[in-house]
Structures are given as C-alpha cells and as structure tokens.
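> have a look at this prediction, sequence included:
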Amino acid sequence: MWTVKTFSELSTLELFHIYRLRNEVFIVEQECVYQDIDDIDLKATHLMIWQANQLIAYCRIYNDEVYHIGRVIVERTHRNKQLGRQLLTEALRIISQENTETVIQISAQAHLEHFYESVGFQRISDVYLEDDIPHILMVKNKDT
C-alpha cells in the first residue's frame, strides 16, 4: 500500500519505521556511520510502500532549488521484486504533478548507476565519496 505524507502528517509510529529502516540499511548494513536524520526530513514529502504493517520501501522528495529524490531504500527481504523501480516511478509521478520544475536530481550510489539510468536519469559527475561510499550525481528532465 502506497502512502505519501509530509513530515507533519507522519504518525510517530510511521516515523519510527522510517528511521528504523533507514538505520538498518544505510548505517548497519552498509556499515556507514553518518547523521541520517536531518532537517531535510522536515520539508520532504515521504513516499512509502507498506505490506502487512511493515515498511518495505521508502524515499523522500524535496525541493532545494531543484527537485531531489533521496534516501531511496527497499527492505532487504523485498529486493529484486521491482519495488525500487515502482518507488521511483511513483516519486517521479508525484513531482510531475506538483510542480513545473524541469530537472530532478539524485545522489546515487555509483554501483546503482544502470538502475537509475533505466528510469531516465543521466550521470553528470565523476564518482565522489559521500560518507565513504562512492556516489555519482544524476539528473532527469521531468519530461523524459
């Protein structure tokens, strides 16, 4: 089940599940110590996929001069089921309905470059380290 909410619309339990999933994957699984909770959460639209009261996929959408999609995540046991593609497709649909911006940006882990290319993103940077993980900057024109 899809859920789309602003920060102020999130329940305490939903916020708990978001932070738990992000912590499990980005900090524990990827062995990366960094400040996951940030001020962007306050201004972001939070897109979630739930199954049997379990958060199984998540991303956040925010506008900071250009639109961004970030914290794209699928719970480990639900990977390879096309949920990441569904999540990005829905995020792009939400952005296209809510604004007239033409560029959407994502800071992608470098090993996922082909996945993001498959949904229309193009690489615009060299590989750089973000929290000691190789990343690339990618953009997508809203109409492509």
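Here it is on my side, so go on. Residues are numbered from 1 along each chain as shown.

> what ranges does the chain have for its helices?
Here the chain has its helices, by DSSP state H, at 12-22, 40-43, 83-98, 113-117.

> so what touches the last one?
By that I understand helix 113-117. Contacts to helix 113-117, defined as C-beta atoms under 8 Å, 6 or more residues apart in numbering, come from residues 84-85, 88, 106, 108, 123, 136, 138. Placement of C-beta: from N, CA and C, glycine included.

> same thing with stretch 102-111?
66-70, 72, 92, 95, 116, 121, 127, 130, 133-143.

> what residues sit buried inside that stretch?
104-106, 108-109 (16 or more other C-beta atoms under 10 Å).

> how far away from the center of its chain is that stretch?
In terms of C-alpha atoms, centre = their mean, to the nearest Å, the centre of stretch 102-111 is found 10 Å from the chain centre.

> Ile49 is in contact with Gln86, correct?
Yes. Taking contacts as C-beta atoms under 8 Å, Gln86 lies within contact range of Ile49: 7.2 Å.

> identify the contacts common to those two.
Ala57.

> the more surrounded of those two?
Ile49 (20 against 14; other C-beta atoms under 10 Å).

> how much space between the closest residue in space to Val33 that isn't next to it in sequence and Leu15?
Leaving out its chain neighbours, the residue that sits closest to Val33 by C-beta to C-beta, 6 or more residues apart in numbering is Ile27, at 6.5 Å. To Leu15, Ile27 is 16 Å away according to C-beta to C-beta, to the nearest Å.
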